[in-house]
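Structure, please.
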Amino acid sequence: MILKNIKAMLVGFGLLLLIWQLVSTFGGYNQALFPPPLLVVEALFEMIRNGSIITHIEISFFRFFSGYFLAVTIAILLGLLVGQLPAVWRVLDPVVQVLRPVSPIAWSPFIVLWFGIGNMPAIIIIFIAAFFPVLLSTVSAVKKVDAMYLRVAANFEMTHSERMWKIIFPAAFPMIANGLHMALGSAWIFLVAGEMVGAQSGLGFLIVDARNALSLDVVMASIIIIGLLGLLLDQAIRLFEGWVARIWGGQIAIK
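Numbering: from 1, shown residues only. Below is the predicted model of the structure:
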């Protein structure tokens, strides 16, 4: 199965490269404005050789994981709490539904004013992008926990803490994992946008800096790196979802 997926992926990338080369060759575009694959590969190898791309990736990963894990932790804890308090969620839900559709970039003028430039604006934007998908999936998952599990917990005279971590959380987590997947993709997209408006380093800044210098081969190489890293993150979260399904996808053991 894995081998088939790899073959399909290679075929897809091969077709993309072929179309790219054909458009570059026969489209009549200036190579400076639409760099062909070979120029982009040369730019990529140069960034690898001088180490600049590694530095930008490390900085971007630091911002991404800081914002993402902070959002996931707070959203899951809050979702587990309010998911069991329908009256509280009825008050919070309209507020969440108003804030959720607002792009994190819309907050960037305030974020830059409040937190300055550097790591924090990007981390805050990533936090906002990841927070709402995880919160909503957690609340929905808690509401859908089988009532039979809760009756069993009552029969065992479990405390609220025991019921939370031995019953509700394991039963809800397979659905929460789907929210983690959606949040990861959203957060990675807004990482680049956040680094374009409030940072002096990272992959997003690299694109802006190269654009200003009219080095579109570097811009294209950076875009490819962002896409490949996003693919790796997506595959990693898929493996995590599979592990969750195997561990908590079936019945819950009461210990």
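
what's the spacing between the residue of the chain most remote from its centre and Ile57?
Going by C-alpha atoms, centre = their mean, the residue of the chain most distant from its centre is Asn155, 40.0 Å out. Distance, Asn155 to Ile57, by C-beta to C-beta, to the nearest Å: 52 Å. The way it works is simple: take the backbone N, C-alpha and C, and place the C-beta from them, glycine included.

who touches Arg100 in this structure?
132, 136 (C-beta atoms under 8 Å, 6 or more residues apart in numbering).

Would you mind measuring from it to Tyr149?
Arg100 is 29 Å from Tyr149, by C-beta to C-beta.

Now tell me what touches stretch 223-233 from outside.
40, 44, 53, 57, 184-185, 188, 192, 203, 207.

what's the answer for stretch 102-114, then?
Residues contacting stretch 102-114 (C-beta under 8 Å, 6+ apart): 120-121, 124-126, 128-129, 190, 193-194, 197-198.

Compare those and tell me which is most surrounded.
Gly194 (33 neighbours; other C-beta atoms under 10 Å).

just checking, it touches Ala130?
No - applying C-beta atoms under 8 Å as the test, Gly194 and Ala130 come out as separate, 11.8 Å apart.

Can you list the buried residues in the helix or strand Glu42 falls within?
Element membership of Glu42, judged by DSSP states H and E, is helix 37-50. Across helix 37-50, burial judged by 16 or more other C-beta atoms under 10 Å covers 39-41, 43-44, 47.

same check, this time on stretch 227-234
229-230, 233.

likewise stretch 96-112?
So, applying 16+ other C-beta under 10 Å, buried residues of stretch 96-112: 104-105, 107-108, 111-112.

ends of that stretch, how far apart?
23 Å (C-alpha to C-alpha, to the nearest Å).

Please identify the helix or strand for Val72.
helix 52-82.

The helix or strand just after that helix: which residues count as buried?
Using DSSP H and E, the next helix or strand after helix 52-82 towards the C-terminus is helix 86-99. Residues Trp89 are the ones in helix 86-99 that count as buried (16+ other C-beta under 10 Å).

Not counting helix 86-99 itself, show me its contacts.
So helix 86-99 is in contact with 82-83, 132, 135-136, 139, going by C-beta under 8 Å, 6+ apart.

Show me which of those is closest to Ile74.
Leu135 (8.4 Å; C-beta to C-beta).

rewinding a little: let me have the buried residues of stretch 96-112 in JSON lines, adding pLDDT and distance to Phe65 as columns.
Below are the buried residues of stretch 96-112 laid out as JSON lines (pLDDT from 0 to 100; distance: C-beta to C-beta, whole Å):
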{"residue": "Pro104", "pLDDT": "89", "distance to Phe65": "17"}
{"residue": "Ile105", "pLDDT": "88", "distance to Phe65": "20"}
{"residue": "Trp107", "pLDDT": "89", "distance to Phe65": "21"}
{"residue": "Ser108", "pLDDT": "86", "distance to Phe65": "20"}
{"residue": "Ile111", "pLDDT": "88", "distance to Phe65": "19"}
{"residue": "Val112", "pLDDT": "84", "distance to Phe65": "22"}
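
Give the rounded mean pLDDT of the helix holding Val72.
Mean pLDDT, computed over helix 52-82, is 93.

for it, packing partners?
helix 37-50, helix 86-99, helix 119-143, helix 169-198, helix 203-212, helix 216-248 (3 or more C-beta pairs under 8 Å, 6 or more residues apart in numbering; DSSP states H and E).

make it 7 Å
helix 86-99, helix 119-143, helix 169-198, helix 203-212 (3 or more C-beta pairs under 7 Å, 6 or more residues apart in numbering; DSSP states H and E).
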